[in-house]
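Colleague: Quick one, structure for this:
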Amino acid sequence: MSALYVRQTIRDWLGDGSMNVPFYDTVNRDQTPTDNVWSTASFDANFRERLTFCDSSWVEEGDVNVTYTGLPGIGDAVVLAAAELDMITLMSMRDPNDKLRLTAVDPPREASAGSTNQGYQVSYLVEYEYQEG
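Modeller: Numbering: from 1, shown residues only. Below you'll find the model as predicted:
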């Protein structure tokens with residue numbers, strides 16, 4: 001199945017030493033980052049299609065929402081500067097097994113949830129393609 005492969009590979013990339021911002025896996029995990037700026041990711045598979053009827057060859061397309069959180073009151077420049085550098089690095093990552101490709105990244109979106117969320121957030125929607133078989 002693709003879910004675990006996609007999630008683990010992208011989490012590994014986001015946690016790679018070449019990234020500027022610390023990554024925290026927050027999917028069903030209790031995390032309390034103390035970093036001034038940190039990132040997390042959530043996943044959504046959008047489409048799956050069998051490529052051939054003869055074997056188990058198929059392709060899946062989906063999105064990874066990468067969210068960067070900064071301390072409240074520091075403005076957007078610090079968070080955006082760090083996130084933009086990381087997005088360049090992330091989009092250059094390559095899967096050694098040649099199963100997963102990052103195909104596009106959307107511009108950043110404001111992702112803060114007002115006073116209930118004690119941090120400033122921007123998020124990037126990163127599109128991926130996973131192929132098996």
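Colleague: if I pick Glu132, what's in contact with it?
Modeller: Shown in contact with Glu132 (CB atoms under 8 Å, 6 or more residues apart in numbering): Ser2, Ser56, Ser57, Trp58, Val59, Glu60, Lys99. (C-beta placed from N, C-alpha, C; glycine too.)
Colleague: Report the lowest-confidence entry in the residues you listed.
Modeller: Among these, Ser2 carries the lowest pLDDT, at 63.
Colleague: follow-up on the earlier one: show me the contacts of Glu132 that map onto strands.
Modeller: Among the contacts of Glu132, the members falling in strands are Trp58, Val59, Glu60 (criterion: DSSP state E).
Colleague: burial count for the first one?
Modeller: For Trp58, the neighbour count with other CB atoms under 10 Å is 15.
Colleague: and after the lengthiest helix in the chain, which helix or strand comes next?
Modeller: Scanning the chain for the longest helix, with DSSP state H as the assignment, gives helix 77-91. Following helix 77-91 in sequence order, the next helix or strand is strand 100-105 (DSSP states H and E).
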